[in-house]
Each structure stands twice: as C-alpha cells, then as structure tokens.
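In: This is the structure alone, sequence omitted:
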C-alpha cells in the first residue's frame, strides 16, 4: 500500500507544531468568515493569500501556507451552517439547503441538536471525501476528463429536476419561483456572445445579481419582516445550553447512516466532476426527502434534513480539491483562489504534482484529515455558545442582524446599490412567504442558472444545435434520462396510484 | 504640486519647488515628493483566480514582503460586465492617486463588444509590466505536428467542424481565433469557457480540437504528455531555455509565423491610474513597479508563466496601447464583434 506509506509521511509533514497551530488559526478564521454573510470563503482566502506569499518562500513553507488556506476553507464550510440554523441566513451558497430543516429546528429550541448534526455530518462527508482522495485519486482524476459541456449541463439539469420532482410544494409554484431565479441569473454579460443584456443601461446592473445579495435579502431580511409582523417578541427562544446536547445528538445520528452514505456519494461525485458543493447539497436534500421514511415531514425540522445537505456539501467541498490538484480545474470559487495561490508559490497543479511534490501533496492530504478534526473540535465546543445566541431577545438581535446583513451586502462588490438590492430582495422574500411560494428554487436558479446556461449553450455550439448531444454517450444519456425521470416522477407516481385505485375499486 | 509639498519637510518642499522650474529634473525630484497617504486600491477587472488576479496578488505580496510602500495595498476584484465594473470605477475616480488598475485585453475588447462607455484614454497609463503569451495547443494524441498541418486539416474538414475552446466571449482567445480565420480561411466553432484551466482540461478530455491557452494554463498538461504546443503567437521565440518537458523548453516552440501561420498576438499586463492625476503620482508608481520587477519573486513569476518581459512607460507605453487599440478595432470589425 503505497498510499498508506505516503500518507504516514504526510502526517509527519503536517504534524509540526507550527502547522498544527496554523490549522487552528485557519479553522477559527474560516468559521468567522463563514458566519459573516457577504464575506465568502473565496474572499476570505483571497484576502489572506498575499500574507502567505512570504511564508511560502521558506523551506517547507508552501505546505504551511496551503494548510492555513485550506483550513480557512474547512472553517468556512463548517461556519456556513451556523447562521442558517440560527437566523435562516445562509452564510454560504451551500448552506441554503441547511436552512430548510435547520431553521425550524432552531425555532423549536433544538438549535443545539441541529448544529451538532450539521457539524458532525460535515465532518463525516469530509472524511469520506478525503478517503476517496487518498486512495482513488488517479482513477477519479481521469473520470473528470469525461466531462464536456453536455455532461456538465446534464449535472445541472439533474439538480434542478431532482429539486422540482421531489419538492413538496405545488409544482407550478416551484417552477414559477425557479423561472424568476433564472431571469435574475441572466442579468449582466451574455456568456457566449459577450454582449450585455437586461441591464437597462444601468452600470450598477453590469455585474448581475449576486447570489449572496439575494440570499441575505430573501432569507435574512424577509425573515425579520415576517417576525416583525407577528409582533415584537421581547423574549428569546429557550435553548438548552448544555454540552450534553452534543452527546445526545451523537447517539441519534447513527440511525441516519443510509442518508449519510447516500449524501457522501452524491457529494463526492459532484465535487470531483466538478459541479460544486451547492448543487450537491440541494440534490442530496432532494434525494433524502424522496427516500427517507420521514420524507413527508421534511421542512418542518427533521434532523435528517440537516444531515443530508451538510454531508454532501462538505464531501463535495473537500473532493473539489482533487480536480484542482490533478487537473488544475477549480471545483469551487474558493478552490479557484487556492489554485491561484499554488501558481503564485510556484507549484504547478496537474498530473505531475503527485509525482514531483510528494511532500506537499501528502502533507496537504494529511492536513485534510487533521484540519477537519481540528474544525470539528472547534465548532462542537462552541455549540452551546452558538445556541445561546438565540436566547438574546429578538428586539436586540434583529437590529444587529440588519446591520450585519447590510455590511455583508456592501462587502460583496463594495457597492451601496447592493444594499438597496438587499432591501428589495427582503420585501420579495416577505411577499413570497405570504403567498406561500418557495424561496429555495429561486435561490438555486440564481446560483446555478448562469453555469447551466453556459454549459447548455456550449453544448449547442459543439453539436451545432442538435439536442441529441444530451444522449450521445452512456454517461450523459443516463444522467439526462435520470433527470427526466425525477422531473416526471410526481406524474408517474400519480398515474400508477390512479391505475391501482381503478383496479382495486 | 505645492499643497502636497507643503505637508512635507521644508527640504522636500524646496526640492519640489525647484522641480516646478527645472523641466528635465522635474520627474526625478517629484519622485521623492509624494507617497500614498492611505491604502492603495489595486483594482482587478476580472474574477479571483485568473491570470490578472494572480499577478496583482503576487505584486501585493512582493510589496508587503519588501516593505516597498508605507501604506498597504489591497486587491479588489471588479469583474462585472467583462471588467466594465472595474474600468468604470477607475474612470469615475478622476484625480484619485490611491487607485490603480491592472489590465487584460478587455481594456480594448469590452468597450467595443458591449458599448460600455470607457476607453483607455479615460485613464492614465503608468507602466507596462509584461506581455502574456498565447500558444496554439492540440491534444497530444492528435496527428498534427505543426500549425500548418493543423490549419490545413481544419480547412479540409470544412467550416464549423473543428472546435476551438477559449476563455470568455469576444475577448483575447476569440480574437486570436478570428485572426486565424481571417488569415487562413479556416472556420472554427469557438466555444467560450470561464477560465483557462477549464479550457485546458476540455482539450485534454478531447471535447475540443485546439486552444490558444496562455503557457501557464496548459503547462501542467504539456509536461504530463497530454498536450502538444504547435506555435507561439509572438513574432519572436520565447527566451526561456530551461527544459520544461524532457525534450523541450518554451524557447523550442516555433513562432506561428515560422510555422506558416502569420498571426501574432500578445496580451497587455499593464497598470493604469485614473485620469487627471499629477505627474508625481505616476512617478511614484513607476518607481514602485521598478522595485517590484527587480525582485527574484517577480523574475520567478515571469519565468514560470513564460512572459514576454517588455516593460514600457510614458509615451512609449501610450503609443503601444494606441497601436494595439487600432489593431483590436480592425480585427473585431472584420469579425463582426463590434456592438452596434
């Protein structure tokens, strides 16, 4: 077993005192970055990149530098869940799906359980992904090469269809919300012709609508407006702030092992492809809702509904580093910045990195194991602390949330226009909730809309307009077929039920 | 100049006054007289992780490491509208000496392709840092050994059969493709992707027939034996002699002209400032980048990316930019890329 030997060597590299300290520093910084809306993992890593520049010049320094940066990344992955559960504000795109069940749990006074479940499943997802990276990297790297534009579009199609097909909301409301999201995603530059569209001559609209602004508004501000309407509560939610909650939740988590395994598989697949952590979390949530025996109760505060997206997001986020290292293709915006870092430090990601930079690669992989353990320790010890935030009266916390949201919205592009957009999205979110339209499909469409569009139009360019390109080989064909099946599933199952009913009746 | 000089020590003040009168000695003296008094914003009109972003963050790192500036420098990405966001920001910051911007070819292509109201003449040229190279790549399993063979095959296959993958729409990669088409009569399907890394992998995965990746974007796959360089779009061969693969160095790649494809293209990596800044502001940054370019880290970066190290300032730089602009207008007009 060459891998085991290399890995042990990697642990020797990663386990110096300095690297270990950097791990904790990175994770704590990352959690803070993940908690603050607007300051995403990509921005956080980008800001710290020049600091690592001098660090990387010392012998063995590149390993320390990547350990620091990747631990910020792990921290941000962990941290994104915290605000989702406590305030219904996803700190990162991949924690949107965590709000569906996490926030109701928090409202019921079970925030501690939800947080524990989120952190633990994040850790499990990451662990599975690191094991995959350790032992399967050569095979898996080749798999990613099979993905051209039609395959990428099929992945996004699968995400959308899985979401619509397994949604409990009325199908047409889901579709309406999703289409609005697509419309918003298309503002800005056209990816294929390069011309501007739907900007109405305004220079503010050039950059399009950033996902973060939409989410901060729709979820954060919208939620506050709803709560205000219900009357100002001066009492905080009662939340247990006992460390025992962690152990109690741990006892229950193994019953969800099937969901965990499925979500890890979805996550690893999406990370390696690389489709990204966001579609992974949505898809995994949809799949869990479909197959869980408590699927009907999803959305009302099921622990399983937190486990599924968090496992997948972290598995995807971690395995996204594999295509980055072996192919130089970043699987997420944060991985793109890390990639830039590697190039600046003089490391050339690609097939030869594993051969020529053994110390670096295996040090990094070992640090993935250790960094995630460090992360888990940091966030779990803080669970009671985080949960206690909910005990602060709404009248105190709401203005703070508003200010943090506004700062977050401003930070995204350093533009005051975005703060106004956040308010507009806030009102939209409120109206949606009042009319019981789901917000999640819109967010999903804003996040993935432009990528799906690019892949579709690239595929159309390549095939010169032939739609059969989506069935041109086994890989893309099976993904497209599965998407259509999931999309039409409600109709199919209704038809089956109808036929059965007729027979028995 | 005087209000600035007043805030410094008397000696500097006198020197600056002298600079007002001595025309030739002017810039030299002024160099000492101005320093940034707050954080300098370094705008990148492109997303995080790309070539311009990497270069600006490397510069930020070098400036911090060698303490080349008393104030700090922050990199801010303003990528919206193919970079318009960043350029408009600098255009609207007239007279602000605490803002600089690094450019890609989108300095020319974006206003032409999108009608966004800016032009390099709205900015103050400071310094050309380097020129980025483009190389014509094919998959190593393909039979083409030279640019000529490849173009002939593309012509023979007929229009819209060969796929050229590139970064962005109506930007440098597509313009080179258009230039090849105009020169040779071959006709490619141009497929735009988000980043250079994606483009390289699409070629390795055989989803495209060729790319015009920058050296650094395709290098790992070249060394891994997956890609083959056919020619470089520089009129001269690259000067780097160190072996990159077992057999070849960057300098061994023939120029496209040698290879029978008479097209050349280099991309500007240059620094601009807002309009109406004072000469001493420009002088400060020219001096800063002179120091940056002298560091070993910068030399490493240049060698790794196989950059063309032409570095111009002042009138020469402005003339170069004007010539390039005219060339982009001609190329884009012929390709039908100009917005109405």
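Out: Arrived safely, thanks for sending. Here the structure is a predicted model, which means the values were calculated and not measured. Residues are numbered from 1 along each chain as shown, chains lettered A, B, ... in the order given.
In: what about stretch A:149-156 and chain B, any contact?
Out: Yes: residues of stretch A:149-156 contacting chain B under C-beta under 8 Å from any C-beta of the partner chain: residue A:149. (C-beta placed from N, C-alpha, C; glycine too.)
In: what's in contact with that stretch?
Out: For stretch A:149-156, contacts defined as C-beta atoms under 8 Å, 6 or more residues apart in numbering or on different chains pick out A:147, A:270, A:273, A:275, A:279, A:448, A:451-452, A:455-456, A:458-459, A:461-463, A:469-470, A:472, A:475-476, A:479-480, A:483, B:191, B:207.
In: Mind checking the pLDDT average for it?
Out: Across stretch A:149-156, the average pLDDT comes to 93.
In: Any of the contacts of stretch A:149-156 buried? List them.
Out: Among the contacts of stretch A:149-156, those classed as buried by 16 or more other C-beta atoms under 10 Å in any protein chain shown are A:147, A:270, A:273, A:275, A:279, A:448, A:451-452, A:455-456, A:458-459, A:461-463, A:469-470, A:472, A:476, A:479-480, A:483, B:191, B:207.
In: now, which of those residues lie within helices?
Out: A:270, A:279, A:448, A:451-452, A:455-456, A:458-459, A:461-463, A:476, A:479-480, A:483 (DSSP state H).
In: remind me, longest helix of the chain?
Out: Just so you know, I chose chain A. Criterion DSSP H: the longest helix present in chain A is helix A:111-145.
In: To clarify, I was referring to chain B.
Out: When chain B is parsed with DSSP H, its longest helix is helix B:314-335.
In: neighbours of residue 213, just the number please.
Out: You didn't say which chain, so I picked chain A. A count of neighbours around residue A:213, defined by other C-beta atoms under 10 Å in any protein chain shown, yields 27.
In: wrong one, chain B
Out: Residue B:213 has 27 nearby residues by other C-beta under 10 Å.
In: do residue A:151 as well
Out: By other C-beta under 10 Å, 23 other residues sit near residue A:151.
In: In terms of helices and strands, where is it?
Out: Per DSSP states H and E, residue A:151 falls inside helix A:149-166.
In: I'd like the distance between residue A:93 and residue A:140.
Out: 24 Å (C-beta to C-beta, to the nearest Å).
In: pretty sure residue A:55 contacts residue A:63?
Out: No: contact criterion C-beta atoms under 8 Å: residue A:55 and residue A:63 do not qualify, at 10.0 Å.
In: Just want to know which of these two has more residues nearby.
Out: More neighbours surround residue A:63 than the other of residue A:55 and residue A:63, with 25 against 18 (other C-beta under 10 Å).
In: show me what contacts residue B:230?
Out: Contacts for residue B:230 were tallied using C-beta under 8 Å, 6+ apart; they are B:135-138, B:144-147, B:150, B:210, B:253, B:256, B:259.
In: Shouldn't residue A:79 be within a strand?
Out: No: assignment of residue A:79 by DSSP: H, G, I helix; E, B strand; the rest coil gives helix, placing it outside any strand.
In: tally of neighbours for the closest residue to it other than its chain neighbours?
Out: Distances taken as C-beta to C-beta, 6 or more residues apart in numbering or on different chains put residue A:34 closest to residue A:79, at 2.3 Å, once the chain neighbours are dropped. Around residue A:34 there are 29 other residues, counting by other C-beta under 10 Å.
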